[in-house]
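Colleague: Fold the following for me, if possible:
(chains A and B)
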Number of protein chains: 2
Amino acid sequence: MTATLRLALGLIGLLFAHAALAADDPLPSWNDGAAKQAIIGFVQRVTDKNGPDYVPPPERIAVFDNDGTLWGEQPVYFQLLFAIDRVKALAPQHPEWADKQPFKAALEGDMQALGASGKQGLAELVMASHAGNTPEEFQAIVTDWLAMAKHPRFKRPYTELVYQPMLELLSFLRAKGFKTFIVSGGGIEFVRAWSEQVYGIPPEQVVGSSIKTKYEVRDGKPAVIRLPEMNFIDDKAGKPVGINQHIGRRPIAAFGNSDGDYEMLEWSTAGEGARLGVIVHHTDGAREYAYDRDSHIGRLEKGLDQAGDKGWVVVDMKDDWNRVFPFEQ
Amino acid sequence: MTATLRLALGLIGLLFAHAALAADDPLPSWNDGAAKQAIIGFVQRVTDKNGPDYVPPPERIAVFDNDGTLWGEQPVYFQLLFAIDRVKALAPQHPEWADKQPFKAALEGDMQALGASGKQGLAELVMASHAGNTPEEFQAIVTDWLAMAKHPRFKRPYTELVYQPMLELLSFLRAKGFKTFIVSGGGIEFVRAWSEQVYGIPPEQVVGSSIKTKYEVRDGKPAVIRLPEMNFIDDKAGKPVGINQHIGRRPIAAFGNSDGDYEMLEWSTAGEGARLGVIVHHTDGAREYAYDRDSHIGRLEKGLDQAGDKGWVVVDMKDDWNRVFPFEQ
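Modeller: Residues are numbered from 1 along each chain as shown, chains lettered A, B, ... in the order given. Coordinates of the predicted model:
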């Protein structure tokens, strides 16, 4: 064999090795960098049976915030747009809403007045527009809305505005024996309507805010009925409470994007052994949105200030992701 | 080959075929009969891809009551005995309990006075004796108690008083792609302390009654703290509500033993497609206990009266089970 031939074969070998590596990359939409390395390194450590950080599969619990972490949340939470459309659809049965806030603002599309009604106003809107049906009926309404509604900027269904790098991360973790859960400040039944299809996360692995329900037999048909009364707010200090109630085990990995996720990350990463806390930082105004400390939605201040001390990974959407949405080429 | 040899070989063949069948029996502790046939028939129908009753694996949700369905509940709920022992252990820090019901009755072992304090009294007892710690601490207390406490009649740890036929059923259903959940009137954290080890059911698949919790950072350590305040009663009409909250999907199979499970069975079996409702009827005073309509624990009246109309399978413990506990030969 000549030296040239050897060199050529060597180069071909390198090319194939590189191609094989790329094909094996479980996170192709993540640029090589500190964030990707930290995530992959953590997964390697907790799945290495002979290593000191090994975690048995049943304890590999990973929790994900939804709004701003798995799908978008700007210009406003998508569920709020759903609630406004529901109020419009239900308005003929509620003539009193024409003069009553926050319903008046919703009917007039007055987002400023809606914002001014505060959290209490928004809760009222959601409760009034989401109740009076069974979970199955409610989820059918959500499914119908998602099939019709389009995002004001991207002109696409909201279920397409999920982050491709996070979809890859969910699959990667599941392939490594993790059980993936959503822990959302949004409504549990709203998310359940599409989480299995979009994220591969079944209803029993969704934790979220909820309204009360009651069981009754209506016209001989047994049913769970949704009531216009708040049951649980799964946000901030509510997230560890909701996780404990639903999952009963402290997660070893937590993913969020706002200060609403602070306590979830704090509790998850304070456990013993290897832990992973990740904050998605929205830094990409061109491909998505850029916001943090001053945003009215998904405000991120405490998390940014303390990520270093806490050892949390801050994902820079602009630098760390080579692709944001699945529909991008 | 002589006729005798042929006959001998034929008999040997039959013997092996029978041995193979017995070895393949997924429910060896169940006697052949209507109950076993109904259960196996249901599982065959919903797993037959080409049949009209096929159910995809994610929708194969099976729910099990715990007390009296998976483990014993006589002479009183085992968790009540735990609560009494906790009250005794905590009494030095609560001198006021000496003169206050239901604590006085618990300290004096006066089961009649305890019973007279009613559901409210028992709830008070449980709340006071189960709170003030983290879920991890509480579960460690439960584990320690289970390692020490013995059943008054069987003189064995309570975790050995689980029903062998039901253990086989749990394994069989899981092997057929079902996800098995506990839906207990008992405390969710009490059951979670041992459900994975004893039943192979992880904490996130346990639904139960609960006290409230709050998240706080104590001495720099983030923790969920259990509060002496009732959060949710997972019994009767609470069971469909708890199932909907935790699982978010109507089960296709439900297993219970008392009228506390009536609504769970009613809701589960009223769904579309093939459904299975099973009631364990305690008919075996020799090997376990015999009780139904008049029992103060696990009362079964409505379920017995309506099982026929509803198409529910009533398991006759005495006739349908050839073995009750795993420790039996």
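Colleague: Output the below-cut-off pLDDT ranges for chain A.
Modeller: A:1-23 (pLDDT under 70).
Colleague: Strands along that one, start to end?
Modeller: A:61-64, A:179-187, A:206-218, A:221-232, A:253-256, A:276-281, A:313-316 (DSSP state E).
Colleague: helices or strands up against the first one?
Modeller: Spelled out, it's strand A:61-64. If you count contacts as 3 or more C-beta pairs under 8 Å, 6 or more residues apart in numbering or on different chains; DSSP states H and E, strand A:61-64 packs onto helix A:164-175, strand A:179-187, strand A:253-256. All C-beta spots, glycine's among them, are computed from the backbone N, C-alpha and C.
Colleague: Pick the most buried one from these.
Modeller: strand A:253-256 (a mean of 29; mean count of other C-beta atoms under 10 Å in any protein chain shown).
Colleague: Does that one reach chain B?
Modeller: No: using C-beta under 8 Å from any C-beta of the partner chain, strand A:253-256 stays clear of chain B, with a minimum separation of 11.7 Å.
Colleague: Please list the residues outside that strand that contact it.
Modeller: With contacts defined as C-beta atoms under 8 Å, 6 or more residues apart in numbering or on different chains, strand A:253-256 is touched by A:42, A:60-65, A:69, A:166, A:169, A:173, A:178, A:261-262, A:264-265, A:268-269, A:275-280, A:303.
Colleague: Among the strands of chain A, show me which one is buried the most.
Modeller: For the strands of chain A, the highest mean count by mean count of other C-beta under 10 Å goes to strand A:253-256, at a mean of 29.
Colleague: Sheet-wise, list the partners of that strand with their directions.
Modeller: Each strand paired with strand A:253-256, and its direction, by DSSP bridges: strand A:61-64 (parallel), strand A:276-281 (parallel).
Colleague: mind giving me JSON lines with those strands and columns for distance to A:I201?
Modeller: Formatted as JSON lines, the strands paired with strand A:253-256 follow (distance: least, C-beta to C-beta, whole Å):
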{"stretch": "strand A:61-64", "distance to A:I201": "8"}
{"stretch": "strand A:276-281", "distance to A:I201": "17"}
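Colleague: Nearest to B:L114 among those strands would be which one?
Modeller: Relative to B:L114, the nearest member of these by C-beta to C-beta is strand A:61-64, separated by 38.2 Å.
Colleague: how far does that closest one sit from the chain's center?
Modeller: Relative to its chain's centre, strand A:61-64 lies at 10 Å (C-alpha atoms, centre = their mean, to the nearest Å).
Colleague: and the stretch 101-250 of chain A, which of its residues are near chain B?
Modeller: Counting by C-beta under 8 Å from any C-beta, the residues of the stretch 101-250 of chain A near chain B are A:135-136, A:179, A:181, A:188-189, A:192, A:196, A:202-206, A:210, A:213-217, A:221-224, A:237-241, A:244-250.
Colleague: Return the set of buried residues in stretch A:31-42.
Modeller: Residues of stretch A:31-42 classed as buried: A:35-36, A:38-39, A:42 (neighbour count, 16 or more other C-beta atoms under 10 Å in any protein chain shown).
Colleague: Show me the contact partners of it.
Modeller: Residues contacting stretch A:31-42 (C-beta under 8 Å, 6+ apart): A:26-27, A:30, A:169, A:253, A:274, A:276, A:278, A:313-316, A:319-322.
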